[in-house]
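K.L.:
Pasted the sequence and its predicted model underneath.
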Amino acid sequence: MQALRDGELVAFPTETVYGLGANAQNPAAVRKIFQAKGRPSNHPVIVHLDSPRFLPRWVREVPEAAMRLAERFWPGPLTMVMPRASNVHDAVTGGQDTVAVRVPSHPMAQQLLTAFGGGIAAPSANRFGKLSPTRAEHVREELGEQIKVILDGGECQIGLESSIIAFQGQSVRLLRPGAITAAQIREVIGELLIGADVESPRVPGGTSSHYAPTTPMTIVPTGEIDARAEELSEGGRRVAVLAQRLPLKGHKYVTWINAGRRPEQYGHDLYTNLRTLDKAGCQRILVQDVPEGERWTAIRDRLLRAAASVSDADDSGSVAVLP
């Protein structure tokens, strides 16, 4: 608590990923988040609260639909973007007239927020654009020297970032998919628009390339994963594979992870598996394309952004995503 009050950075677990937190009412402290992550200053951060009762401190106008969603999904992995209150600093909002807020359900996050008694601004505790951390050790490896306190709450339950919705006039728009699906949101509010338009606010994870390993990554159609792994590993080139099954045969120079076919488990393990493959000393990560369906939407979103972060330098210089 004292570290936050002193303007220092504190990493803490949420049910989604680990956050890199600072006192949201201290702009100098919030700027330390951007410095540590290498994050552009116009990217907003999410303000974490321990209860919806504090919304009026941060939000100028709370739509009725937001209150219904809060009642249904908070505490939980839903971030809502609403008009900011006059006291909210540009460092938190990226200079926009909106603020992103959520109430996390992780017990350690709740304890921290309740004891602190204020809002904690916190994006994921990793370098900007890289893989989000789902364990305290991931935070220590990447940002350890720049953080005053790292709270270890074990492995994150969900493993993917929160769903983000924004209120634009009378419309509600899903800007980032997460564990709370579009269908679940529609059950509460009815109509829901999908994806950003020209009037949508900037939100965390909204860039076309994000959540990326350092090793170049390619998404491969389901039926081609073995053939591509064998082709790319010819001549002793080391290749890593993230698939939903075991390989059809052994490949001498291929590191293969079978992530399974259950979307909740796949999502929970995604960043840990990609970190493992990133450290395997391979020249390329191949990811078997995931199935269609809403339970896979957030996973597909993260994989497409991760693959868009690199170019296929060995081939034509095109983005490393296959149809």
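P.N.:
Yep, it's here.
K.L.:
Per the annotation, how does the chain divide into domains?
P.N.:
Following automatic domain parsing, one finds the domains of the chain at 2-194, 217-307.
K.L.:
ends of the first one, how far apart?
P.N.:
Using Cα to Cα, to the nearest Å, the end-to-end distance of domain 2-194 comes out at 41 Å.
K.L.:
pLDDT at Thr207, what is it?
P.N.:
We have a pLDDT of 82 for Thr207.
K.L.:
Make 48 the starting number, not 1.
P.N.:
Got it, the first residue is 48 from now on, which makes the last one we talked about Thr254.
K.L.:
so how far is Asn73 from it?
P.N.:
Distance of Thr254 to Asn73, given as Cβ to Cβ, to the nearest Å: 26 Å. From N, CA and C alone the C-beta is placed, and that goes for glycine too.
K.L.:
Who has more neighbours out of the two?
P.N.:
Legend: neighbour count by other Cβ atoms under 10 Å for Thr254 and Asn73, higher for Asn73 (19 against 16).
K.L.:
Let me see the contact set for the more buried one.
P.N.:
Asn73 sits next to Gly54 when contact means Cβ atoms under 8 Å, 6 or more residues apart in numbering.
K.L.:
before we move on, back to that, of the domains of the chain, which is nearest Pro248?
P.N.:
For those, proximity to Pro248 was assessed by Cβ to Cβ; domain 49-241 is nearest, at 4.5 Å.
K.L.:
ok now the closest one, how far from the chain's centre?
P.N.:
10 Å (Cα atoms, centre = their mean, to the nearest Å).
K.L.:
Quick one: mean pLDDT for that domain?
P.N.:
On average, the pLDDT along domain 49-241 is 96.
K.L.:
Is His185 in contact with Pro60, as I believe?
P.N.:
No - the pair His185 / Pro60 is not scored as a contact, 10.9 Å apart, by Cβ atoms under 8 Å.
K.L.:
Determine which member of these two has the greater number of neighbouring residues.
P.N.:
Legend: neighbour count by other Cβ under 10 Å for His185 and Pro60, higher for Pro60 (28 against 23).
K.L.:
The residue nearest to that one when sequence neighbours are not counted: neighbour count?
P.N.:
Nearest residue to Pro60, sequence neighbours excluded (Cβ to Cβ, 6 or more residues apart in numbering): Gly200, at 3.3 Å. Per other Cβ under 10 Å, the neighbour tally for Gly200 reads 19.
K.L.:
got it, and Ala71?
P.N.:
Look at Ala71: counted by other Cβ under 10 Å, it has 28 neighbours.
K.L.:
how much space between Ala117 and Val288?
P.N.:
From Ala117 to Val288 the distance is 41 Å (Cβ to Cβ).
K.L.:
Looking at those two, which one has more neighbours?
P.N.:
The residue with more neighbours, out of Ala117 and Val288, is Val288; 25 against 21, by other Cβ under 10 Å.
K.L.:
Who are the contact partners of that one?
P.N.:
Val288 is in contact with 272, 276, 294, 301-304, 324, 332-335, counting by Cβ under 8 Å, 6+ apart.
K.L.:
What I need now is the domains of the chain written out in TSV, including distance to Val250 for each item.
P.N.:
Shown next, in TSV, are those (distance: least, Cβ to Cβ, whole Å):
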stretch	distance to Val250
domain 49-241	5
domain 264-354	13
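K.L.:
Most tightly packed of those domains?
P.N.:
The highest average neighbour count among those, using mean count of other Cβ atoms under 10 Å, belongs to domain 49-241 at a mean of 20.
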